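[1] sequence unavailable; structure follows:
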């Protein structure tokens, strides 16, 4: 999902930067507020950031004969809501742009938008929509969808910037989706499984911290009552 | 952990998925497992030969070895912090549980 440095025309690069910036600014404020108001959440915040750090560094082989990496952004979105991940994801993408020549500064806005904005919001929406499912199913689906949506957004961004001479946007989009989305499907499933294991561990070891955050209530009945 | 067995099975399932994906990918691809990001760049270049990247990375790791080292560093930082957090939470829970 990293669009390489300089591979978006200046206008597109500027537009995606402008689109991502408010989310990142809002997210940074949310992180600061969280650290200030909920000291108990600091460790979990570290876990969410560390999860996206480690997962986005690991390139896994996939069925297309290409390799790609998960994003790790879904877990934090489920735990803290999407704004926090806009900030944490930007840190990861900056690290990779500056030290690894992976992604870039001109494409940072577009990459932040796909991985740290669209993915986490998709995770959050799925997590909310599946409120009646078991928590394992909710976490798995939300995280896997976040992973997949990120790569679909990247395909869209590239197709908008580089539509086919003959087939236009649609044909370019199909081509980029064929590359990104198909490769990503097994990885998204793997990321979903790892997320279920991590959240399971947090439920066991940090039920109080999770309760303080108000997500993943240990007793589903409480949540039912709150929604009613 | 309440249900250790199901967690071990889930972990094994994840590993198996990667192995199967690798096997299928080996049979279908060129065996190189190149990154999709680089493949996307090639797609852009192939369809738009006139496009010139207008900005270069400020710093590029010299060679694959340095690059893979930096990726390993990224994973190590993430894994290290994650392990620290889980260990701290577990220990805090264990001690707190005695008093509560």
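    Nice, thanks for sending it over. Not measured: the values here are computed from a predicted model.
[2] what about the helices in chain A?
    A:10-37, A:42-55, A:73-80, A:82-99, A:108-112, A:119-129, A:135-161, A:168-205, A:207-213, A:220-227 (DSSP state H).
[3] to chain B, which of those helices lies closest?
    helix A:42-55 (2.9 Å; CB to the nearest CB). (Glycine included, C-beta is placed from N, CA and C.)
[4] and among the helices of chain A, the most buried is which?
    Mean neighbours per residue, mean count of other CB atoms under 10 Å in any protein chain shown, is largest over those for helix A:73-80, with a mean of 29.
[5] so does that helix get close to chain B?
    No: Helix A:73-80 does not reach chain B (CB under 8 Å from any CB of the partner chain); its nearest approach is 10.4 Å.
[6] okay, angle between that helix and helix A:82-99 too, please.
    Using axes from the mean of the first three to the mean of the last three CA atoms, to 10 degrees, the direction of helix A:73-80 lies 140 degrees away from that of helix A:82-99.
[7] give me the mean pLDDT for helix A:73-80.
    Helix A:73-80 comes out with an average pLDDT of 96.
[8] again with stretch A:180-192
    96.
[9] skipping adjacent residues, who's closest to the residue of chain B found nearest chain A in space?
    Per CB to the nearest CB, residue B:29 is where chain B lies closest to chain A, at 1.3 Å. Nearest in space to residue B:29, with sequence neighbours left out and distances taken as CB to CB, 6 or more residues apart in numbering or on different chains, is residue A:65 at 1.3 Å.
[10] and the residue of chain A nearest chain B?
    Proximity of chain A to chain B (CB to the nearest CB) peaks at residue A:65, 1.3 Å away.
[11] over to that residue: give its phi and psi.
    The phi/psi pair for residue A:65 (degrees, to the nearest 10) reads phi 90, psi 0.
[12] and the one residue sitting closest to the centre of chain A, how far is that from residue A:212?
    The centroid of chain A falls nearest to residue A:73 when counting by CA atoms, centre = their mean (3.2 Å). Counting by CB to CB, to the nearest Å, the separation of residue A:73 from residue A:212 is 22 Å.
[13] over to residue B:54?
    47 Å.
[14] hang on, the earlier thing: correct me if wrong: the residue nearest to residue B:29 contacts residue B:25.
    Yes: Residue A:65 lies in contact with residue B:25 (CB atoms under 8 Å); the separation is 4.4 Å.
[15] what's the overlap in contacts for those two?
    By the contact definition CB atoms under 8 Å, 6 or more residues apart in numbering or on different chains, residue A:65 and residue B:25 are jointly contacted by residue B:33.
[16] number of nearby residues for the residue of chain A closest to chain B?
    Look at residue A:65: counted by other CB atoms under 10 Å in any protein chain shown, it has 21 neighbours.
[17] go on, residue B:91?
    Counted with other CB under 10 Å, residues neighbouring residue B:91 total 11.
[18] ok, the one 5 residues further on next?
    Around residue B:96 there are 10 other residues, counting by other CB under 10 Å.
[19] excluding its backbone neighbours, what's nearest it?
    Leaving out its chain neighbours, residue B:96 is closest to residue A:208 (CB to CB, 6+ apart), at 7.9 Å.
[20] give me the nearest residue to residue 77, chain neighbours excluded.
    I'll assume chain A. That would be residue A:120: by CB to CB, 6+ apart, it lies 3.5 Å from residue A:77.
[21] sorry, should have said chain B
    Closest residue to residue B:77 apart from its sequence neighbours, by CB to CB, 6+ apart: residue A:53 at 5.9 Å.
[22] quick one: contacts for that neighbour?
    A:72, A:92, A:95, B:74-75, B:77-78, B:81.
[23] and residue 44, what's its pLDDT?
    No chain was given, so I picked chain A. 95.
[24] ah, I was thinking of chain B
    Residue-level confidence at residue B:44 comes out at 94, pLDDT.
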